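Chemist: Got a predicted structure plus its sequence, pasted below:
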Amino acid sequence: MKTEITELFGIEHPIMQGGMHFVGFAEMAAAVSNAGGLGIITALTQRSPEALAAEIERCKAMTSKPFGVNLTFLPSVTPPDYPGYVRVIIESGVKVVETAGNNPQKWLPALKEAGIRVIHKCTSVRHALKAEAIGCDAVSVDGFECGGHPGEDDVPNFILLPRAAEELRVPFVASGGMATGAQLAAALALGAAGVNMGTRFIATQEAPVHDNVKQAILAATELDTRLIMRPLRNTERVLKNSAVERLLKKEQALGEKLTFADVAEEVAGVYPRIMVDGDMEAGGWSCGMVVGLIHDVPTCKNLIDSIMAEAEEVIRSRLTRLLG
C-alpha cells in the first residue's frame with residue numbers, strides 16, 4: 001500500500017508508532033520498523049543527549065530500516081538540553097523526527113538542513129495549519145480519543161480527520177484510537193495517509209514494559225480511561241486506578257484553587273514505577289480509549305500484518321460489495 005506517508009518516510013506500511021515515555025526504547029522502535037512500519041525512539045526518556053545517542057546506535061544494530069525520534073517540547077522551569085538532543089539526532093543520521101508539545105519552529109532550520117523529515121503532533125486543525133505554515137513535512141492529527149494529551153477542544157477523529165483533510169496541504173496521519181485494519185481503511189477514507197498507534201503497540205510482545213502493563217490493557221474496556229488535570233488545562237487521558245481516582249477527588253475538592261503541586265504525587269516521576277516495576281497503582285499513565293479494541297499481545301510483525309490484511313479486505317472486498 002503506497003500513500004504519501006509511506007513515500008515520505010520510505011516505509012512499507014502506512015503505520016507509525018508514536019513516541020511514548022518509557023516505552024519508546026530501541027527494542028520497540030526496531031520491532032515496528034522491521035515489521036514495515038515506522039518505529040520511534042522517545043528522546044526525553046533518555047536522561048541526556050549522550051544517552052539518546054547510545055539508544056539510537058542500539059536501534060541501528062537491531063534494524064536497517066528507517067526509524068525516527070520523538071522530541072516533545074515541554075514548558076519547564078529547567079528545560080531539558082534541547083540543543084543537545086537536536087544535535088545528537090542530526091549527528092546520528094536519523095531521518096525522521098516526530099515533534100510534539102510546544103511549537104518546534106525554533107528547531108526546524110537545523111533539522112531541515114540535515115534532510116530530516118519532521119512530523120508534528122497536533123490536536124486541532126488550527127495547530128496543524130500552523131505546523132504546515134512553519135515548514136513541517138507532515139502532521140499527526142490527534143483526536144480526543146487518544147491516550148496522553150488530547151488538547152482542550154474535545155474533537156474526536158471522525159470530525160477532526162475530515163476537517164484536517166479540508167484544510168491541510170501536507171499529508172497527515174490519524175492518531176488516537178487506532179488499532180485495527182478497518183480503522184486504517186476508515187482513516188484513509190477520511191483523508192489521512194496512515195495511522196499513528198501508541199497504546200496498541202504497548203500490548204505487543206516486543207514492547208519493553210512490565211507484563212502488568214500489558215495485562216492491564218487487555219483487562220480494560222473503552223470505559224476505563226479518565227481525563228485528569230483538566231482544571232490546569234493540561235488534560236491527560238490515563239487508565240483509571242486508585243491514584244487516578246484520588247487525583248480526581250482532589251480536583252473536585254479544590255476546584256479553581258488546584259495547583260500542579262496538589263497532584264504531583266500522582267503524576268510526577270511515576271513512569272519508571274509503572275512501566276519498569278509494574279506498580280499499576282503508582283499514578284496516572286497515558287492510555288487511550290482504544291484499550292477496548294485490544295484483546296491480544298502479538299508480535300509487532302503479526303500485528304502490522306493483520307492490520308494491513310484487514311485494511312485490504314475492507315477496501316477490496318467489504319466496501320466494493322456494497323456497490324453491487
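Modeler: In hand now; what should we look at?
Chemist: residues in contact with I294?
Modeler: A179, T199, R200, A203, I217, L218 (CB atoms under 8 Å, 6 or more residues apart in numbering). For glycine as for every other residue, the C-beta is placed from the backbone atoms N, C-alpha and C.
Chemist: how does it look with 10 Å?
Modeler: 179-180, 199-200, 202-204, 214, 217-221, 288 (CB atoms under 10 Å, 6 or more residues apart in numbering).
Chemist: go on, G24?
Modeler: Contacts of G24 (CB under 10 Å, 6+ apart): 17-18, 32, 39-46, 55, 68-70, 98, 198, 201, 207-208.
Chemist: L223: neighbouring residues, count only.
Modeler: 9 (other CB atoms under 10 Å).
Chemist: would N212 count as being in a helix?
Modeler: Yes: assigned with DSSP: H, G, I helix; E, B strand; the rest coil, N212 falls within a helix.
Chemist: Show the buried residues in the contacts of I294.
Modeler: A179, T180, T199, R200, I202, A203, T204, K214, I217, A220, G288 (16 or more other CB atoms under 10 Å).
Chemist: Could you export these as JSON lines, including secondary structure and distance to E281?
Modeler: Listed next are those as JSON lines, based on DSSP: H, G, I helix; E, B strand; the rest coil; distance: CB to CB, whole Å:
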{"residue": "A179", "secondary structure": "coil", "distance to E281": "25"}
{"residue": "T180", "secondary structure": "coil", "distance to E281": "30"}
{"residue": "T199", "secondary structure": "helix", "distance to E281": "19"}
{"residue": "R200", "secondary structure": "helix", "distance to E281": "23"}
{"residue": "I202", "secondary structure": "helix", "distance to E281": "18"}
{"residue": "A203", "secondary structure": "coil", "distance to E281": "19"}
{"residue": "T204", "secondary structure": "coil", "distance to E281": "24"}
{"residue": "K214", "secondary structure": "helix", "distance to E281": "16"}
{"residue": "I217", "secondary structure": "helix", "distance to E281": "15"}
{"residue": "A220", "secondary structure": "coil", "distance to E281": "14"}
{"residue": "G288", "secondary structure": "coil", "distance to E281": "20"}
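Chemist: Just the closest of those to N302, please.
Modeler: T204 (8.6 Å; CB to CB).
Chemist: List the contacts of the closest one.
Modeler: 17, 28, 31-32, 35, 197, 214, 294, 296-304.
Chemist: Backbone dihedrals for it, please?
Modeler: Dihedral pair for T204: phi -130, psi 160, per degrees, to the nearest 10.
Chemist: Please apply the same query to A138.
Modeler: The phi and psi values for A138, taken as degrees, to the nearest 10, are phi -160, psi 170.
Chemist: out of everything not next to it in sequence, what's closest to it?
Modeler: I119 (4.2 Å; CB to CB, 6 or more residues apart in numbering).
Chemist: Surely the one you found is in contact with G135?
Modeler: No: taking contacts as CB atoms under 10 Å, I119 lies outside contact range of G135: 11.9 Å.
Chemist: between those two, what contacts are shared?
Modeler: The contact lists of I119 and G135 share V170, where a contact means CB under 10 Å, 6+ apart.
Chemist: Of those two, give the one with the bigger neighbour count.
Modeler: I119 (30 against 15).
Chemist: Could I get the average pLDDT for the helix or strand containing the more buried one?
Modeler: Assessed by DSSP states H and E, I119 sits inside strand 117-122. Mean pLDDT, computed over strand 117-122, is 98.
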